[in-house]
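Chemist: Prediction below, plus the sequence it came from.
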Amino acid sequence: MERILIIEDEKDVNRLLAQALQDNGYETVSVYNGLDVLDILTEGQFEMVLLDLMLPYKSGDEVLKDIRKVSSIPVIVVSAKDMVRTKVDLLAAGADDYITKPFDLEEMVARVASNIRRYNSKEQPKKISYKELVLDEEAKVVTLNGQELVLTAKEYQMSSLFIKYPNKVFSKANLYETIWGEEYSGDDNVIKTHISNIRNKARAAGGKEYIETVWGLGYRLAK
C-alpha cells in the first residue's frame, strides 16, 4: 500500500485529506508542523508528500528544501496562497505540483495518483555513489574503491541507509528501529557490533573507515 505523508497544521484539513486518501486505498501519516520531517521520511517508506506552506516552527518552503536534500519523491504543495509568483518559485524549488485551497477532493486524489504514477514510471537510479562508495540497489551490493564488501543482510541495510542519506546523523535508536523493526530498548551492543564489522570490512578492502561516530548523537558517513 502506498504511503503518503501529510504535513498540515490545520487538524480539520489534515483529517479531510487523510480520509479522502484512505478511502482511495492509500495509507497516510499526518504531522502538524515542519519539525522532524526528515526523521519521519528516513524512518519510513513514503511515495508522496502533501505539504502546507503556513506551518508552525518551520515554513513549508524550508521543509521543501530539506526534503529535496535527501529525497526525490513527489511533493504536492497544498496552500491558500494563489499568487502565480509563489507557485513558480515553489515549482522551481522542487515541488512537483501545487493545489490551491479550497480544493476539490476528487481532483486532489487524482493529482496524487498522477504524480505517483509519473514518478514510478521514471527509471530510478540503481546505483548511488558517495565518494569511493557505490551502492547497487538491484544487486544488493556495496563496493568500496571498486572492491565488493561482503556484508550480512543487516550490515547491507545499515550501509544502505548511510549512503542514501550521507548528511544525516543516525542515532542508535534510529538504526535499530529502522533495520530490526523493533522498539529500541537501550542495549547498544548489537549496533556497535554491526558498525565495527562494517568498519573492519572497509579496512580489509583497503579503504578508510567510512562510518564516523558523532559523540552523543550517533553515526554518519565520514565527511
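Modeler: Looks like it arrived, so ask away.
Chemist: Show me where the chain has its strands.
Modeler: 3-7, 27-31, 48-51, 75-79, 97-100, 127-130, 133-136, 141-144, 147-149, 211-214, 218-221 (DSSP state E).
Chemist: okay, these, which one's buried deepest?
Modeler: Neighbour counts (mean count of other CB atoms under 10 Å) averaged over each of the strands of the chain peak at strand 48-51, with a mean of 25. All C-beta spots, glycine's among them, are computed from the backbone N, C-alpha and C.
Chemist: Determine the set of other helices and strands touching that strand.
Modeler: Strand 48-51 sits against strand 3-7, helix 60-70, strand 75-79, helix 105-121, with contacts defined as 3 or more CB pairs under 8 Å, 6 or more residues apart in numbering; DSSP states H and E.
Chemist: shaky segments in this structure?
Modeler: Applying pLDDT under 70 to the chain flags the ranges 122-125, 207.
Chemist: one step back: closest one to residue 114 among the strands of the chain?
Modeler: strand 97-100 (8.2 Å; CB to CB).
Chemist: Could you list the buried residues of stretch 110-122?
Modeler: By neighbour count on 16 or more other CB atoms under 10 Å, the buried set for stretch 110-122 is 111, 112, 113, 115, 116.
Chemist: CA atoms only: put that stretch into PDB for me.
Modeler: In PDB, the C-alpha atoms belonging to stretch 110-122 read as follows (Å, rounded to 0.1, in the frame of the first residue of the first chain):
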ATOM      1  CA  ALA A 110      -6.400  12.400  -9.000                       C
ATOM      2  CA  ARG A 111      -3.300  14.600  -8.800                       C
ATOM      3  CA  VAL A 112      -1.800  12.400  -6.100                       C
ATOM      4  CA  ALA A 113      -2.300   9.300  -8.300                       C
ATOM      5  CA  SER A 114      -0.900  11.100 -11.400                       C
ATOM      6  CA  ASN A 115       2.200  12.300  -9.600                       C
ATOM      7  CA  ILE A 116       2.900   8.900  -8.100                       C
ATOM      8  CA  ARG A 117       2.400   7.200 -11.400                       C
ATOM      9  CA  ARG A 118       4.700   9.700 -13.200                       C
ATOM     10  CA  TYR A 119       7.400   9.200 -10.500                       C
ATOM     11  CA  ASN A 120       7.200   5.400 -10.700                       C
ATOM     12  CA  SER A 121       7.400   5.400 -14.400                       C
ATOM     13  CA  LYS A 122      10.800   7.200 -14.400                       C
END
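Chemist: Tell me which residues are up against that stretch.
Modeler: 2, 4, 21, 24, 26, 47-48, 50, 72-74, 76, 96-97, 99 (CB atoms under 8 Å, 6 or more residues apart in numbering).
Chemist: Pull the most distant pair out of those.
Modeler: Longest span within these, CB to CB: 24 and 72, 23.4 Å.
Chemist: Could you dump the buried residues of stretch 110-122 into JSON lines with distance to residue 139 added?
Modeler: Formatted as JSON lines, the buried residues of stretch 110-122 follow (distance: CB to CB, whole Å):
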{"residue": "111", "distance to residue 139": "35"}
{"residue": "112", "distance to residue 139": "32"}
{"residue": "113", "distance to residue 139": "31"}
{"residue": "115", "distance to residue 139": "29"}
{"residue": "116", "distance to residue 139": "26"}
